[in-house]
Every structure is written in C-alpha cells, then in structure tokens.
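Novice: Need a 3D model of the sequence below.
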Amino acid sequence: DGAGVSNALVRVAASQAYAKQWQHFIQTQFVPQFCSNVRRHQVRRICFAGAVATSNWPSMQEVLVSPTGELVCPAGAEDDASTKKRGRSGKKTNQ
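Specialist: Purely as a prediction, here's the structure:
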C-alpha cells in the first residue's frame, strides 16, 4: 500500500540521517582521540549495536560502511580528524 511505502522511505531517510550523525561523531571525536598511532591500545573495530542499529542496519550501512567493509570517511574528513582535536588546530605556534 502507498502509506506503507511512504513510511518505509521516511524510515530509511531518518536512519540514514542518524548514520550521518554517527559518521560525523566518529570522524571528528572518536577517531582523533582513540585511533591514533600514539595510543598504546588502538581501537581497530567499531560495533554498532542496539535496537536502532539492529532494525535499521541495511540503510545505516549504506552511509557508514563501504562495499569492502571499511568505515566510510567523507571527503577531507581524515585530514580534518588527524589535525584537529576538540575544535583546535593541529598546528603548533611558537610562544
């Protein structure tokens, strides 16, 4: 029925928007703080669990994971994540 299809499209759009929020958090906060080479115990995997991830994973996966299984980075996010921490620039200044 038309209403069911419409509801499904709205659900997909909402879960993909939620996944984009996670993607932003992962790239701007999580990766810089927990995945750097200087950490003694680096994070190598992320597990998305819970009811939201379980029931919406197919649409969230389109946003978060590449066909090869790698976490998807928006263009330029890796450079931003490696040089910024909590909104500060990675450049050092002489004081």
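Novice: The most centrally placed residue in the chain: helix or strand, and which one exactly?
Specialist: Centroid-nearest residue in the chain: Gln23, 1.9 Å away (criterion: C-alpha atoms, centre = their mean). Gln23 belongs to helix 2-25 when assigned by DSSP states H and E.
Novice: Against which helices or strands is that helix packed?
Specialist: helix 51-64 (3 or more C-beta pairs under 8 Å, 6 or more residues apart in numbering; DSSP states H and E). C-betas here are computed from N, CA, C, even on glycine.
Novice: Of all the residues in the helix it packs on, which ones are buried?
Specialist: Ala53, Asn56, Trp57, Ser59, Met60, Gln61, Val63, Leu64 (16 or more other C-beta atoms under 10 Å).
Novice: Make JSON lines from those and add distance to Val10 and pLDDT to it.
Specialist: As requested, these are exported to JSON lines (distance: C-beta to C-beta, whole Å; pLDDT from 0 to 100):
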{"residue": "Ala53", "distance to Val10": "18", "pLDDT": "90"}
{"residue": "Asn56", "distance to Val10": "12", "pLDDT": "94"}
{"residue": "Trp57", "distance to Val10": "17", "pLDDT": "93"}
{"residue": "Ser59", "distance to Val10": "11", "pLDDT": "94"}
{"residue": "Met60", "distance to Val10": "15", "pLDDT": "94"}
{"residue": "Gln61", "distance to Val10": "18", "pLDDT": "93"}
{"residue": "Val63", "distance to Val10": "16", "pLDDT": "93"}
{"residue": "Leu64", "distance to Val10": "20", "pLDDT": "92"}
